[in-house]
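S.K.: Take a look and give me a structure for this.
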Amino acid sequence: MTDEIIPNNSAEAGLEVIQNTMEEFLAASDVRVVYGEPILHDDTMIIPTAEVLCAFGFGIGGGSGSTAEENPEKPSQGSGSGGGGGGRILSRPVAVVVASPEGVRVEPVVDITKIALAGLTAIGFMVGMMFRMSSRRHALPDIEE
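M.R.: Have a look, this model is predicted:
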């Protein structure tokens with residue numbers, strides 16, 4: 001548990017929460033997250049690299065009220081609203097930088113699973129479209145001249 005002091009004013013408290021959350025999101029996209037710790041093996045240095053995607057959104061609300069002097073029929077009437085937010089951080093390996101006495105090269109990381117899923121999706125779409133095109137019920141109506 002942290003010894004964080006939350007201000008009494010709800011607007012200040014909301015802004016502090018947003019600021020803390022933004023700091024955490026920015027820390028997730030730090031260069032040390034994108035480039036992993038270098039690995040030295042004999043004369044070769046290997047540096048893993050990653051792609052980091054961050055998305056964040058938030059919203060805050062407010063309130064209003066009236067006193068008996070402003071509206072004598074309904075004294076002390078008020079309303080209010082809150083806010084919220086959310087986000088997502090996604091990171092995935094994309095390449096490995098290999099530095100050796102022969103030179104520096106970048107070896108891409110290939111995700112076979114994503115390629116296979118994309119292929120299966122494309123095949124499924126094509127088979128579905130061929131089935132739909134061959135069905136008389138779903139075919140376009142004949143044009144009478």
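
S.K.: now the strands for the chain?
M.R.: Secondary structure of the chain, counting by DSSP state E: strands at 39-41, 44-59, 63-66, 77-80, 84-100, 103-108.

S.K.: so where is this structure shaky, pLDDT-wise?
M.R.: Within the chain, the segments meeting pLDDT under 70 span 1-11, 14, 29, 31, 68, 70-72, 74, 138-141.

S.K.: For Gly59, which non-adjacent residue is spatially closest?
M.R.: Closest residue to Gly59 apart from its sequence neighbours, by C-beta to C-beta, 6 or more residues apart in numbering: Gly83 at 5.1 Å. Heads up, the C-betas are built off the backbone N, CA and C, glycines and all.

S.K.: Let me fix that, I meant to ask about Pro93.
M.R.: Val109 (4.6 Å).

S.K.: and what of Leu90?
M.R.: Leu53 (4.6 Å).

S.K.: ditto for Ile89
M.R.: The nearest residue in space to Ile89 (C-beta to C-beta, 6+ apart) is Ala28, at 4.7 Å.

S.K.: I'd say that neighbour and Gly87 touch.
M.R.: No - the pair Ala28 / Gly87 is not scored as a contact, 9.5 Å apart, by C-beta atoms under 8 Å.

S.K.: Common neighbours of those two, please.
M.R.: Counting by C-beta atoms under 8 Å, 6 or more residues apart in numbering, the contacts common to Ala28 and Gly87 are Cys54.

S.K.: picking that back up, identify the residues contacting the residue nearest to Leu90.
M.R.: Here Leu53 is in contact with Arg88, Ile89, Leu90, Ser91 (C-beta under 8 Å, 6+ apart).

S.K.: This completes my enquiry, with thanks.
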